[in-house]
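>>> Need the 3D shape of this:
(one chain, ligands or ions: 1)
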Amino acid sequence: MFDIDKIRAEFPILKRTVNGKPLVYFDNAATSQTPQVVIDAIVDYYSNYNANIHRGVHTLSQEATDKYEEARLKLQQHFNAKKSHEIIFTSGTTHSINIVATGFSSLLKKGDEVIVSALEHHSNIVPWQMLCERTGAILKVIPMSEEGELLMNEYDVLLSEKTKVVFVNHVSNALGTINPIKEIIDKAHKVGAAVLIDGAQACPHIKPDVQELDADFYVASAHKIYGPTGVGILYGKEEWLNKLPPYQGGGEMIKEVTFEKTTYAGLPHKFEAGTPNICGGIAFGTAIDYANAIGFDVIAKREDELLQYGTEKLLEIEGLRIYGTSANKTAVISFNLDSIHPYDIGTIIDKLGIAVRTGHHCAQPIMDFYKIPGTIRASFSFYNTFEEIDLFVEAVKRAKVMLE
Ligand SMILES: *Cc1c(COP(=O)(O)O)cnc(C)c1O
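A predicted model of the protein is given here:
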């Protein structure tokens with residue numbers, strides 16, 4: 001049974017008010033809220049066993065190391081990686097992508113081709129553009145349809161033996177579209193290209209199985225999956241992680257250092273230079289446990305109901321247009337109202353306690369496609385309610401009256 005009151009009680013922030021009104025938090029695609037168990041894990045770490053890992057012989061250091069490595073095992077299990085050292089702790093999706101994009105500099109040559117999708121977040125566009133500038137490789141883009149879906153027949157045309165790497169997000173953060181990543185991966189493998197899947201937006205709703213997908217790289221951020229900011233993962237197949245050079249030099253990532261030559265540590269340490277976000281990694285593991293205890297099927301079903309309800313209610317408002325109308329999408333509603341600037345609506349409804357995102361959502365090419373400056377984006381999580389959607393729709397109607 002899905003007990004919404006019990007679930008909401010687990011998130012302390014949902015009790016607060018904003019501008020004298022109860023908080024309605026519909027900015028989950030930017031960052032999700034954190035349940036008490038995750039907050040407790042953070043407090044426990046700093047209260048009881050804060051120490052640097054992997055180096056100390058003392059008890060605290062060993063306790064911290066054990067918990068950190070335990071978290072890595074939880075993530076290995078969650079993503080179904082074959083080996084625990086295929087899970088690299090990073091500071092988040094952006095960091096993970098940069099490790100791979102920078103690493104590919106040494107593997108690409110002039111004239112090689114790199115494919116990204118039209119639906120990408122800036123963090124999955126800019127590092128590849130920089131890679132192409134460094135290597136002379138050519139960036140190709142899978143175009144999208146009016147509904148916000150990738151045109152897969154165009155993808156077929158782009159693929160060739162020149163294609164070396166393909167980068168797509170699992171779910172678009174701006175529109176919510178769930179991309180057919182299994183098909184994208186299989187087709188890329190047929191021409192011998194590697195595939196990186198940006199799972200930042202998918203992981204709060206979907207439990208990915210990297211072996212079943214046969215993804216070469218899969219990346220995500222804890223803060224979008226009910227965990228803390230500043231920590232994330234890079235999953236990579238062992239053979240690929242071995243091929244890539246280290247991203248940063250420093251402590252933790254070496255085997256032996258002399259002034260003549262340094263040899264690097266094995267996986268995962270080769271990519272984990274310096275003192276990591278120890279507490280964050282441990283709390284990430286707790287957040288994953290929390291979400292799995294609720295169940296990703298339960299989360300997805302609840303969010304789908306919220307999406308259907310919110311979509312129907314919003315479309316009752318005259319002049320409202322939703323961008324991203326794929327039948328296969330997560331609980332993200334990106335919309336505009338007549339020619340009103342999204343920022344103006346966002347500002348008014350914030351006065352009523354409602355948090356949404358306005359702007360280009362780090363996906364300017366999508367906004368250019370629709371020839372708009374941005375949208376208002378409401379993104380729901382399983383802890384949101386139908387009553388909150390009613391408040392939100394009323395607030396949008398009020399803003400419309402005030403601005404027209
Ligand atoms: C949020 C997001 C990112 C960036 O994640 P960070 O945690 O800011 O590094 C990248 N891609 C997608 C699809 C996202 O939603």
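>>> hey, let's count contacts and neighbours off CA atoms from now on
OK.
>>> in the stretch 301-404 of the chain, which spans are strands?
Secondary structure of the stretch 301-404 of the chain (DSSP state E, counting those that start in this stretch): strands located at 320-323, 332-337, 354-355, 357-359, 375-379.
>>> I'd guessed Ile233 sits against Thr93; true?
Yes - with contact defined as CA atoms under 8 Å, Ile233 reaches Thr93; the gap is 7.0 Å.
>>> Mind listing the shared neighbours of these two?
Here Ile233 and Thr93 have Val219, Ala220, Ser221 as joint contacts, going by CA atoms under 8 Å, 6 or more residues apart in numbering.
>>> What number of residues are in the vicinity of Glu10?
As a burial measure, Glu10 scores 15 neighbours (other CA atoms under 10 Å).
>>> In contact with the residue of the stretch 201-350 of the chain found nearest the ligand, which residues are there?
Closest residue of the stretch 201-350 of the chain to the ligand, CA to the nearest ligand atom: Gln201 (4.4 Å). Residues in contact with Gln201 (CA under 8 Å, 6+ apart) are Ala29, Asn169, His170, Val171, Ser172, Asn173, Ala220, Lys224.
>>> And stretch 246-257, end to end?
15 Å (CA to CA, to the nearest Å).
>>> Over to stretch 84-97?
One end of stretch 84-97 sits 19 Å from the other (CA to CA).
>>> One more: stretch 169-182?
Terminal residues of stretch 169-182 are spaced 12 Å apart (CA to CA).
>>> mind listing what's buried in it?
Residues of stretch 169-182 classed as buried: 169-181 (neighbour count, 16 or more other CA atoms under 10 Å).
>>> Is it in proximity to the ligand?
Yes - counting by CA under 6 Å from any ligand atom, the ligand has neighbours in stretch 169-182: Asn169, Ser172, Asn173.
>>> returning to that earlier point: now, the shared contacts of Ile233 and Thr93 that are in strands?
Mapping the shared contacts of Ile233 and Thr93 onto strands (DSSP state E) picks out Val219, Ala220, Ser221.
>>> list the contacts for the last one?
Just to be clear, that refers to Ser221. Applying CA under 8 Å, 6+ apart to Ser221 gives the contacts Ser91, Gly92, Thr93, Ala200, Thr229, Gly230, Val231, Gly232, Ile233.
>>> Which parts of the stretch 101-250 of the chain are helices?
Ranges of helices within the stretch 101-250 of the chain are 126-135, 152-158, 181-190, 210-213, 238-243, based on DSSP state H, counting those that start in this stretch.
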